[in-house]
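**Q** The sequence and its predicted three-dimensional model are supplied below.
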Amino acid sequence: MPQLFTAPGRIRRIAIALLIALALALAWVGLDPLGSLSGPITSVKLGDFPAFYSLSAIAAGSEPHRLYDFALQREIQNQIWPQLQGALLPGIYPPYVALLARPLVWLGPTWGHVVWGALQLLFLILTARAITRINSSLAKYSVEILAGLLLCAPVLLGVFGGQLIAASMFIYALCFIYQGRRDLRGEIIFGSLIGLWFFKPHYALIMLMLPVIQWRVRVVATTALVATILYLLGSLVLGLDWIATWCDALTRFTPMNIIPNARQMTGLLGAVKGMPDQANSALAWAALALTTALLLRLAFAARQSLSKPTGLPKFLPLFGVTVVLATPQANFYDLGLVLVAICSVLSLKTQKQLYLLGIFGIWCVASGLASALRTVTPLPLFLILAALTYLVTLLTISSPPGLANRHR
């Protein structure tokens with residue numbers, strides 16, 4: 001293994017070959033979304049794309065007020081994808097996501113799937129490039145980083161499945177870059193990133209803690225402006241009171257999601273929900289409260305970095321692991337955020353870190369594939385995430401002060 005990491009030319013050639021193969025696989029998935037294959041392959045070929053497509057179809061139709069009518073979503077999905085055999089992939093994203101995804105309907109299910117998959121791949125490529133700006137020791141390894149991200153089964157399945165994990169990873173990586181900018185442009189970009197992340201509101205709200213506690217008014221104001229624009233876009237679909245409608249849909253969606261998907265969730269809530277004793281959910285909510293308190297404490301401590309632009313708040317790398325560990329709806333593909341966190345604090349100069357990263361990478365691949373086949377219980381996934389959390393925490397604490405904002 002040491003010799004492998006000292007041969008960047010060889011790694012690059014291997015990585016490029018793997019990327020070409022994966023690109024061809026992505027094209028196959030996108031060009032044949034109506035195939036008759038069933039089982040795990042279908043879950044990769046379709047993923048959650050039918051959920052996004054049905055949301056956009058309803059938003060573009062004559063009855064947008066039925067956006068969260070799960071019976072209508074089921075009807076649309078099974079008409080286009082009969083291999084679902086009556087199953088439903090419920091769409092619960094905020095209405096502005098459905099509005100912005102309306103071009104999928106104009107393109108149709110086949111080309112919509114192609115464009116959707118290509119867009120997710122583009123976000124992943126941009127994420128790899130952003131990581132090289134976060135961590136100077138990875139500056140020459142953008143292709144290898146991209147290959148590593150794609151070869152991590154949770155990320156690969158998330159991208160192929162039409163999830164928005166690649167977009168989340170890209171925004172998260174950019175937050176590392178722009179949180180340290182104190183000029184007007186940098187703070188507007190940082191605030192805009194948090195605002196755009198409201199397609200996953202819980203991630204955006206937790207990230208918003210950092211500038212709020214630091215009292216960075218321009219960042220918070222920009223976030224509020226972007227969030228207001230998104231709110232108004234949502235009102236074009238469901239009216240000005242859409243938040244109440246959306247929250248009602250969330251209450252109906254949560255049991256539909258957690259019960260069948262608990263086995264492939266990485267967080268503590270998924271782990272305990274998969275156990276017979278449902279009272280264990282109290283433990284999960286306690287964990288969420290404790291990890292949120294930890295992030296608040298880290299955000300408060302990060303106020304000192306306001307006078308030291310070269311300081312990287314430890315809030316940022318630990319954000320990626322704690323939100324995936326503790327938020328109720330974290331799924332296996334959300335491990336992509338953990339990979340960004342690891343890359344932000346990893347030093348290629350330390351061979352021991354490379355061995356640790358290789359071991360955890362193998363575990364991630366195994367857990368992701370097992371989740372796709374639905375043959376794994378939630379507790380091992382949670383334990384893997386707990387180990388990754390320990391790794392990121394260890395690397396973050398051991399990072400020297402000058403390690404911060406190495407993109408400058």
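**A** Great, that's in hand. Numbering: from 1, shown residues only.

**Q** Can you mark which positions in stretch 332-341 are buried?
**A** 332, 333, 334, 335, 336, 337, 338, 339, 340, 341 (16 or more other Cβ atoms under 10 Å). For the C-beta atoms, the positions are set from N, CA and C on the backbone; glycine is no exception.

**Q** Need the residues you listed in JSON lines (columns: secondary structure and distance to residue 91).
**A** As requested, those are arranged in JSON lines below (DSSP: H, G, I helix; E, B strand; the rest coil; distance: Cβ to Cβ, whole Å):
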{"residue": "332", "secondary structure": "helix", "distance to residue 91": "19"}
{"residue": "333", "secondary structure": "helix", "distance to residue 91": "16"}
{"residue": "334", "secondary structure": "helix", "distance to residue 91": "18"}
{"residue": "335", "secondary structure": "helix", "distance to residue 91": "22"}
{"residue": "336", "secondary structure": "helix", "distance to residue 91": "21"}
{"residue": "337", "secondary structure": "helix", "distance to residue 91": "22"}
{"residue": "338", "secondary structure": "helix", "distance to residue 91": "25"}
{"residue": "339", "secondary structure": "helix", "distance to residue 91": "26"}
{"residue": "340", "secondary structure": "helix", "distance to residue 91": "26"}
{"residue": "341", "secondary structure": "helix", "distance to residue 91": "28"}
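
**Q** What is the nearest of these to residue 105?
**A** residue 333 (24.7 Å; Cβ to Cβ).

**Q** now that closest one: how far from residue 145?
**A** 18 Å (Cβ to Cβ, to the nearest Å).

**Q** what sits against residue 127?
**A** Applying Cβ atoms under 8 Å, 6 or more residues apart in numbering to residue 127 gives the contacts 149, 166, 169, 170, 173, 340.

**Q** Of all these, the one with the weakest confidence?
**A** For the contacts of residue 127, the weakest pLDDT value sits at residue 149, with 80.

**Q** From residue 82, how far off is it?
**A** 33 Å.

**Q** residues contacting residue 95?
**A** Residue 95 neighbours (Cβ under 8 Å, 6+ apart): 59, 67, 233, 234, 235, 237, 238, 242, 246.

**Q** Going through those residues, which ones are buried?
**A** With burial judged by 16+ other Cβ under 10 Å, the buried subset of the contacts of residue 95 is 59, 67, 233, 234, 235, 237, 238, 242, 246.

**Q** Residue 192 reaches residue 220, doesn't it?
**A** No: with contact defined as Cβ atoms under 8 Å, residue 192 does not reach residue 220; the gap is 11.9 Å.

**Q** re earlier: any chance of a markdown table for the buried residues of stretch 332-341, columns distance to residue 347?
**A** Output for the buried residues of stretch 332-341, formatted as a markdown table (distance: Cβ to Cβ, whole Å):
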| residue | distance to residue 347 |
| --- | --- |
| 332 | 27 |
| 333 | 27 |
| 334 | 25 |
| 335 | 21 |
| 336 | 21 |
| 337 | 20 |
| 338 | 17 |
| 339 | 16 |
| 340 | 16 |
| 341 | 14 |
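
**Q** how about residue 61, phi and psi?
**A** For residue 61, the backbone dihedrals (degrees, to the nearest 10) come out as phi -90, psi -170.

**Q** With residue 215 instead?
**A** In terms of degrees, to the nearest 10, the main-chain angles of residue 215 are phi 60, psi 50.

**Q** What is the burial count for it?
**A** Applying other Cβ atoms under 10 Å, we find 10 other residues in the vicinity of residue 215.

**Q** Give me the distance between it and residue 221.
**A** 12 Å.

**Q** Would you mind listing where the stretch 201-350 of the chain has pLDDT under the threshold?
**A** 258-264, 266-285, 287-288, 291, 295, 298-299, 301-313, 348-350 (pLDDT under 70).

**Q** how about the helices in it?
**A** Applying DSSP state H, counting those that start in this stretch to the stretch 201-350 of the chain gives helices spanning 201-213, 217-238, 242-261, 268-273, 281-301, 315-326, 335-345.

**Q** The stretch 1-150 of the chain now?
**A** Under DSSP H, counting those that start in this stretch, the stretch 1-150 of the chain gives helices at 2-5, 8-31, 40-46, 49-60, 70-80, 95-100, 103-134, 142-151.

**Q** Can you name the residues in contact with the fifth one?
**A** Taking contacts as Cβ under 8 Å, 6+ apart, the residues outside helix 70-80 that touch it are 34, 50-51, 53-55, 57-58, 63, 66, 84-91, 109, 252, 256.

**Q** Give the buried residues for it.
**A** 70, 72, 73, 74, 76, 77, 78, 80.

**Q** can these go into a markdown table with extra columns for distance to residue 104?
**A** What follows is the buried residues of helix 70-80, written out as a markdown table (distance: Cβ to Cβ, whole Å):
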| residue | distance to residue 104 |
| --- | --- |
| 70 | 19 |
| 72 | 16 |
| 73 | 14 |
| 74 | 18 |
| 76 | 12 |
| 77 | 13 |
| 78 | 17 |
| 80 | 11 |
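
**Q** any idea which of the residues you listed is closest to residue 121?
**A** For the buried residues of helix 70-80, the nearest to residue 121 is residue 80 (22.6 Å; Cβ to Cβ).

**Q** Residue 89 versus the closest one, what's the distance?
**A** 11 Å.

**Q** quick one on the thing from earlier: of the contacts of residue 127, which is the most crowded?
**A** Within those, most neighbours by other Cβ under 10 Å means residue 169, with 29 neighbours.

**Q** tell me the SS of that residue?
**A** Secondary structure, DSSP: H, G, I helix; E, B strand; the rest coil: residue 169 is helix.

**Q** Contacts only, for it.
**A** Counted by Cβ under 8 Å, 6+ apart, residue 169 has contacts 123, 124, 127, 149, 155, 336, 337, 339, 340.

**Q** go again using 10 Å as the cut-off
**A** 123-124, 126-128, 130-131, 149, 155, 158-159, 320, 333-334, 336-340 (Cβ atoms under 10 Å, 6 or more residues apart in numbering).

**Q** That one and residue 57: what is the separation?
**A** In terms of Cβ to Cβ, residue 169 sits 27 Å off from residue 57.
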